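>>> no sequence on this one, just coordinates:
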């Protein structure tokens, strides 16, 4: 089931469950103006489904360092709970801050959802 979130014009979040893992498709801008919407949605999904999480960032048009900080926070929270976390569809042109900070080499990045889910099963 897909649950859209259209509360903010700059950001749309759609969630579904694939192979028992919550997947959040992020479309639009991840910055200070959408921070609360993004944080609240991820917290609700984690509370409902547990620590495992896949963020599909293929629809992100811009990401700032604060949004990256939130993503890192959720990654660390998932790891602390022995869960799985993955980012899919990350595009350098829209998420440059990941490479500038060096986090692109540390975060679990996958090209596709299928690759991320396979890594969860491994």
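Received, thanks. Since this is a predicted model, take the numbers as computed values, not measurements.
>>> show me the shaky parts of the protein.
Scanning the chain with the threshold set as pLDDT under 70 gives 1-9.
>>> run through the strands of it in chain order.
Along the chain, counting by DSSP state E, strands occupy 3-8, 11-18, 21-30, 53-63, 85-88, 109-110.
>>> quick one: closest of those to residue 45.
Set against residue 45 and scored by Cβ to Cβ, these come closest in strand 21-30, at 5.0 Å. Backbone N, C-alpha and C define where each C-beta goes, glycine included.
>>> partners of that closest one in the sheet?
Each strand paired with strand 21-30, and its direction, by DSSP bridges: strand 11-18 (antiparallel), strand 53-63 (parallel).
>>> with mean neighbour count added, can I get those in TSV?
Output for these, formatted as TSV (neighbours: other Cβ atoms under 10 Å):
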stretch	mean neighbour count
strand 11-18	18
strand 53-63	21
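>>> of all the ones you listed, which one is nearest residue 106?
From the strands paired with strand 21-30, taking Cβ to Cβ, the stretch that ends up closest is strand 53-63, at 15.1 Å.
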